[in-house]
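1. Requesting a structural model of the entry that follows:
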Amino acid sequence: MNKDTIFIASLIILWYSSNIGVLLLNKLLLTSYKFGFPIFLTMCHMIACAFLSYVSIVVVKVVPLQRVKSRAQLMKIASLSIVFCGSVVGGNVSLRYLHVSFNQAVGATTPFFTALFAYLITFKREAWVTYACLVPVVAGVIIASGGEPSFHLFGFIMCISATAARAFKSVLQGILLSSEGEKLNSMNLMLYMSPIAVLALIPAVFTMEPKVLDVFVSLGIEHRFMWILLLLNSTLAYSANLTNFLVTKHTSALTLQVLGNAKGAVAVVISILLFRNPVTIIGIAGYTMTVLGVVAYGETKRRYK
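-> Sure, this is the predicted structure:
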């Protein structure tokens, strides 16, 4: 095994660990530690992303710094940041009510929403067989919902909203930053989006979660590891973005998509083992159908480009 293979394999393992770690720590903090403040949790993630993005790009120079060239471009980045905030907050809120396994099943429907928004906004059409592959993606989640022992309607709505916002952000990014002069790589985009997200979340935290600081201090005193877990969680949130970029750079977007499908399955298995949440044969069958639909969708997109 050569050095390049070892390096790429290490990146993939770190990417998996970061993504799954964020999910599991979010669930642990929001439920086991009774720290029911998903907006504040999202703000912590964004603060870490802002600081570590600056260190990575400006200090360590992982990638060259790309500067914002106009106020119009900054407004576009701000729009993306707000949508991104909505997706992360929605995902964190859903984890208060749903198990990680079901959360991942719903999140796997991202390609459906991406195709839907691409058609509605840009009128971009795919081959009919590509759209046909989205049928099992949606049907699988419907089946999994019926077989979910701990189904919670509000949590489901928040999870679907987060998934839709994530897909909308990717389509919006392609539209707003499509010109050659405005294109930013994902690392630089995170550098500029994160501080804007923090500024947007601060008033939301103090308006919707006014007791967060008191609870944060009291829980930190009661559970001595909570602050460490929150710091680790926020750092992993940035690591997930960094390794996502690096895996794409050293492999391909298609490889990332395939690995992402497998990552969801791994997260489901780990969450079931850790949290001992009940699952049913119907739920597993529904999630399997969704994942297979996503795999087929990615393959048909590649073939009919």
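2. in the stretch 201-305 of the chain, which spans are helices?
-> Secondary structure of the stretch 201-305 of the chain (DSSP state H, counting those that start in this stretch): helices located at 212-222, 226-250, 253-275, 281-303.
3. Which positions within the second one qualify as buried?
-> What it means is helix 226-250. 226, 229-230, 232-248 (16 or more other C-beta atoms under 10 Å). Glycine gets a C-beta too; all of them are placed from N, C-alpha and C.
4. so which of the helices of the stretch 201-305 of the chain comes closest to residue 18?
-> Closest of the helices of the stretch 201-305 of the chain to residue 18 is helix 226-250, at 4.0 Å (criterion: C-beta to C-beta).
5. what's the angle between that closest one and helix 212-222?
-> Computed by axes from the mean of the first three to the mean of the last three C-alpha atoms, to 10 degrees, the angle separating helix 226-250 from helix 212-222 equals 100 degrees.
6. what's helix 226-250 packed up against?
-> Counting by 3 or more C-beta pairs under 8 Å, 6 or more residues apart in numbering; DSSP states H and E, the packing neighbours recorded for helix 226-250 are helix 3-27, helix 38-54, helix 186-208, helix 212-222, helix 253-275.
7. looking at the helices of the stretch 201-305 of the chain, which has the lowest confidence?
-> Least confidently modelled of those is helix 253-275, at a mean of 75 by mean pLDDT.
8. Excluding chain neighbours, give the residue nearest to residue 46 in space.
-> residue 197 (4.2 Å; C-beta to C-beta, 6 or more residues apart in numbering).
9. same thing with residue 121?
-> Take residue 121 and drop its neighbours on the chain: the residue closest to it by C-beta to C-beta, 6+ apart is residue 171, 6.0 Å away.
10. Measure how buried that neighbour is and give me the count.
-> 21 (other C-beta atoms under 10 Å).
11. now residue 65
-> Neighbouring residues of residue 65 were enumerated by other C-beta under 10 Å; the total is 11.
12. Same question for residue 113.
-> Using other C-beta under 10 Å, residue 113 has 21 other residues around it.
13. Can you tell me how far it is from residue 218?
-> 39 Å (C-beta to C-beta, to the nearest Å).
14. before we move on, what about residue 109?
-> Residue 109 is 38 Å from residue 218, by C-beta to C-beta.
15. again with residue 24
-> 24 Å.
16. before we move on, what about residue 206?
-> According to C-beta to C-beta, residue 206 stands 18 Å off from residue 218.
17. before we move on, what about residue 284?
-> Residue 284 is 40 Å from residue 218, by C-beta to C-beta.
18. Look at those two and report which has more neighbours.
-> Between residue 284 and residue 218, counted using other C-beta under 10 Å, residue 284 has the larger neighbour count: 17 against 11.
19. The residue lying closest to residue 134 once chain neighbours are set aside: neighbour count?
-> Distance criterion C-beta to C-beta, 6+ apart; nearest residue to residue 134, sequence neighbours excluded, is residue 112 at 4.9 Å. By the other C-beta under 10 Å criterion, the neighbourhood of residue 112 contains 23 residues.
20. likewise the one 10 residues further on?
-> Applying other C-beta under 10 Å, we find 12 other residues in the vicinity of residue 122.
21. and it, what is it in contact with?
-> By C-beta atoms under 8 Å, 6 or more residues apart in numbering, the residues touching residue 122 are 171, 174-175.
22. Save the residues you listed as a markdown table, and put in distance to residue 46, secondary structure and pLDDT too.
-> Converted to a markdown table, these look like this (distance: C-beta to C-beta, whole Å; DSSP: H, G, I helix; E, B strand; the rest coil; pLDDT from 0 to 100):
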| residue | distance to residue 46 | secondary structure | pLDDT |
| --- | --- | --- | --- |
| 171 | 22 | helix | 88 |
| 174 | 22 | helix | 83 |
| 175 | 23 | helix | 82 |
